[in-house]
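K.L.:
Starting from these lines, generate the structure:
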Amino acid sequence: MEFVSRTSTNTDTTKAVEELTHDLDGTYQFGILFISGDYRDHLSELLSKLLASISVQTLMGCTCLSVIGSHEELEDHPGMVLFLAKLPGAKIVPFSISQNQMGQFESMSEWHSFFDVYPNENPTFFLLSDPFMFDTQMFIDGINMSYPGQTLVGGIASGATHPGENMLFINQEFFDSGAVGLILTGEVTVKTVVSQGCRPIGNTYTVTKAERNMIFSIANHPVLEILQDILDKCTPTEKELATQALFVGIVMDEYLHTFKRGDFLIRGVIGADEQAGAIAIADTIQTGQTIQFHVRDGKTAKEDLVSLLTSLKTSQKKDLPQAALVFNCNGRGQHMYQERHHDIQAIQNHVGPIPVAGFFCAGEIGPVGKRNYLHGFTNSMALFYPAGDSELKKS
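P.N.:
Now for the predicted structure:
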């Protein structure tokens, strides 16, 4: 198992390819290229030179706002990052899919037949999708239905303002809509960390009346009444954050006795009905689910990411990741932290040094509990481990 990550900010395609590929030898099973939209008009030329310079069985990627390398986040700066993997014993299945193709799937078996991959193979899916003309949520729902409990991670291409401006590609086949992806099976283990950047306020409560995305009561009391009680006990900073943006964390595993970071799916509170004493959230909610209110800021996002990385490192003991792919919201970075390179430095400080590649997304995909979700303001990462540890495979 071998991984490489290289970055370049050179605007000359020949020199950029040289920087990405120098001293590389052997055949790589797959590669991923994230490249800022500044290079869009020269993408075909660059890919031709790149594929002529290295031996890689499958290369996929997309254009984006900004890229992330092993040691830097190239925010608002032209750049590209190449991630390459040698995975003996692993099977790699590349795919492209359009909205029209996906819309014709009516059963789990049609999903299985399309990919020619089946749940008993324990697949991990990687997806890069178009933000305008592809329903990423529909794809996520299809994977959750057809491959229950299997991991899907990835991001929505960013940086474009109109349909057709983003480019997705597999080898030298280009798409300005739809999605591209890879499926990994066999001798490789992929762990995920999904840092949603929030911290809880108040206690957990059982939803006692809900309809669609509306919560009317928790613990048999109007939800706004309990929320006001929570805010009355908050610090001034927490109150200010709640005023700016309030979130609901939905517990994903009701069998847990206690709940911690990573156990909640975070969704925004998008409105309130004072007459009904209810709130609306950006997802569906059911009576009987457990929730807790959350707030978010740069400090909280730091704490959340560090906590999750520390927990991962502790749980894996001597098993260290070999590499990582990072899908980071374009609302994070220096906009959230007021400093550059925060997330990549945290990753390297806690689970590195390892090769890393990623980009700033228009939406991030990753699992919470045993289901996959589309997130916002999130760092969703996939970490690669050898497949030899049976306990690691299960976790």
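
K.L.:
in what helix or strand does Leu84 lie?
P.N.:
Under the criterion of DSSP states H and E, Leu84 resides in strand 80-86.

K.L.:
Give me the packing partners of that strand, helices and strands only.
P.N.:
Helices and strands touching strand 80-86, by 3 or more Cβ pairs under 8 Å, 6 or more residues apart in numbering; DSSP states H and E, are strand 2-8, helix 13-21, strand 27-28, strand 30-36, strand 67-68, strand 323-329, strand 356-361. Just so you know, the C-beta spots here come from the backbone N, C-alpha and C atoms, and that holds for glycine as well.

K.L.:
quick one: contacts of it?
P.N.:
1-9, 16, 20-21, 24, 26-36, 39, 46, 50, 54, 56, 67-69, 323, 325, 355, 357-359, 384 (Cβ atoms under 8 Å, 6 or more residues apart in numbering).

K.L.:
List every C-alpha atom in stretch 13-27, with coordinates, as CSV.
P.N.:
Provided in CSV are the C-alpha atoms of stretch 13-27 (Å, rounded to 0.1, in the frame of the first residue of the first chain):
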residue,chain,number,x,y,z
THR,A,13,0.6,23.1,-17.7
THR,A,14,3.9,21.5,-18.7
LYS,A,15,5.7,22.7,-15.6
ALA,A,16,2.7,21.9,-13.4
VAL,A,17,2.7,18.3,-14.7
GLU,A,18,6.4,18.0,-14.0
GLU,A,19,5.9,19.2,-10.4
LEU,A,20,3.1,16.7,-9.9
THR,A,21,4.9,13.6,-11.4
HIS,A,22,8.6,13.9,-11.0
ASP,A,23,10.3,10.8,-9.6
LEU,A,24,7.2,8.7,-9.7
ASP,A,25,7.5,5.1,-10.9
GLY,A,26,5.3,2.0,-11.1
THR,A,27,1.6,1.7,-11.8
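
K.L.:
buried stuff in that stretch?
P.N.:
Thr13, Ala16, Val17, Glu19, Leu20, Thr21 (16 or more other Cβ atoms under 10 Å).

K.L.:
quick one: which of the residues you listed is nearest His294?
P.N.:
Of all those, Leu20 has the smallest distance to His294: 40.0 Å, by Cβ to Cβ.

K.L.:
residues contacting that closest one?
P.N.:
Going by Cβ under 8 Å, 6+ apart, Leu20 touches Arg6, Thr7, Ser8, Leu50, Ser53, Met80, Leu82.

K.L.:
Try it again at 10 Å.
P.N.:
Leu20 sits next to 4-8, 10, 31, 33, 46, 49-50, 53-54, 80-82, 84 when contact means Cβ atoms under 10 Å, 6 or more residues apart in numbering.

K.L.:
just to revisit the earlier point, can you select the buried ones among the contacts of strand 80-86 for me in ChimeraX?
P.N.:
To isolate the buried ones among the contacts of strand 80-86 in ChimeraX, judged by 16+ other Cβ under 10 Å, type:
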select :1,3,4,5,6,7,8,9,16,20,21,28,29,30,31,32,33,34,35,36,39,46,50,54,56,67,68,69,323,325,355,357,358,359,384
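
K.L.:
Can you name the next helix or strand after the longest strand out of those in the chain?
P.N.:
Secondary structure of the chain per DSSP state E: the longest strand is strand 198-211. Moving toward the C-terminus from strand 198-211, the next helix or strand (DSSP H and E) is strand 214-218.

K.L.:
which helices and strands does the helix or strand just after that next one pack with?
P.N.:
Once the chain leaves strand 214-218, the next helix or strand it forms, by DSSP H and E, is strand 221-222. When contacts are defined as 3 or more Cβ pairs under 10 Å, 6 or more residues apart in numbering; DSSP states H and E, strand 221-222 sits against strand 198-211.

K.L.:
Kindly calculate the angle that the strand it packs on makes with strand 214-218.
P.N.:
Using axes from the mean of the first three to the mean of the last three Cα atoms, to 10 degrees, the direction of strand 198-211 lies 100 degrees away from that of strand 214-218.

K.L.:
I'm done for today, thanks for sticking with me.
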